[in-house]
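> just the structure for this:
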Amino acid sequence: MTTALPASADALENGLTEIARLAGAAIMNIYKTDFDVRSKDDASPVTEADDAAEAIILPGLRALTPDIKIVSEESAAKGDVPDVDGDTDFFWLVDPLDGTKEFIKRNGEFTVNIALIAKGQPVLGVVYAPALDKLYYGDPSGAKLIEGDITPEIQKIAVRDMPEDGVVVVGSRSHGDPEAMKSFLGSLKVKELRPAGSSLKLCLLATGEADLYPRLGPTMEWDIGAGHAVLKAAGGVVENMDGSQFQYGKADFRNPFFIARSPSVPVTYQT
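A predicted model of the protein is given here:
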């Protein structure tokens, strides 16, 4: 699918990078404090950092692309959800602080996620891990990792071919079902099972540090949209468990179980 971007690729990249970094700075200011944790209606945790990041991201996106709707996790939790569906030309998908549990544990594995969705598919996205000072960006021209800000190191990233000594499988650090994972992997030769937080799991595939991420538990679209965009730009895929195309803009934004992988990794689809 080819869809014209709503602004130049450079303008979008520069704008998104700046917005993500500003949100990350706000998150880190709170990370250093004795912050409070509260529960949302679904019992998931939320902190003032989630709100502070969203308060930066939403105005930034509106200034960058005034006519594009925004679906953001914290706004959605309060009932503020624009009318979008899989046929909508464009909408932003935002998780201001993905990996709140990792933020609370202070292990650094949390991210700012911003993705642009067009006709049900991610076309570009930024994943910024402020505690690690790593920013992942993907668009139709490819994917990159930017480390540092003042004197950034920029490298192109891409998925790797399946290693002969076995695949590295990533899974959630705070969620997951080990028995379901074991059953899914079956006879696949596995070198390592590696836990990771937030959308960093998808980015590990995009950099070729891992090969397969079966998600056998609940997620929301904003959890993975930006990471999917980066992985797609790096040559990877995200599929439904039956091998069909993963779609965004679903009525409740809830994801089915899915498989993220390098295309060279064979999987057994479930019908």
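> contacts and neighbour counts: CA atoms only from here.
Fine.
> how many residues are close by Lys78?
Lys78 has 10 neighbours, counted by other C-alpha atoms under 10 Å.
> for Ile146, same thing?
Counted with other C-alpha under 10 Å, Ile146 comes out at 18.
> with Phe103 instead?
Neighbours around Phe103, by other C-alpha under 10 Å: 23.
> can you tell me how far it is from Ser262?
Separation of Phe103 from Ser262 (C-alpha to C-alpha, to the nearest Å) stands at 28 Å.
> so how far is Pro214 from the residue nearest to Gln245 when sequence neighbours are not counted?
Nearest residue to Gln245 in three dimensions, chain neighbours excluded: Glu239, at 5.3 Å (C-alpha to C-alpha, 6 or more residues apart in numbering). Glu239 sits 10 Å away from Pro214, taking C-alpha to C-alpha as the criterion.
> quick one, what contacts Met28?
130-131 (C-alpha atoms under 8 Å, 6 or more residues apart in numbering).
> which element follows the helix or strand hosting it toward the C-terminus?
Using DSSP states H and E, Met28 maps to helix 9-31. For helix 9-31, the succeeding helix or strand toward the C-terminus, using DSSP H and E, is strand 37-39.
> give me the residues contacting whatever helix or strand comes next after that next one.
Next helix or strand after strand 37-39 toward the C-terminus (DSSP H and E): strand 45-47. Strand 45-47 has contacts (C-alpha under 8 Å, 6+ apart) with 35-40, 100-101.
> run me through the strand neighbours of strand 45-47, direction for each.
strand 37-39 (antiparallel) (DSSP bridges).
> residue contacts, the residue nearest the centre of the chain?
Nearest to the geometric centre of the chain sits Gly227, at 3.1 Å (C-alpha atoms, centre = their mean). Gly227 is in contact with 113, 125-127, 199-200, 202-203, counting by C-alpha under 8 Å, 6+ apart.
> got the phi/psi numbers for it?
When quoted as degrees, to the nearest 10, the phi and psi of Gly227 stand at phi -60, psi -40.
> returning to what we had before: and the residue nearest to Gln245, what element?
Per DSSP H and E: strand 237-240 holds Glu239.
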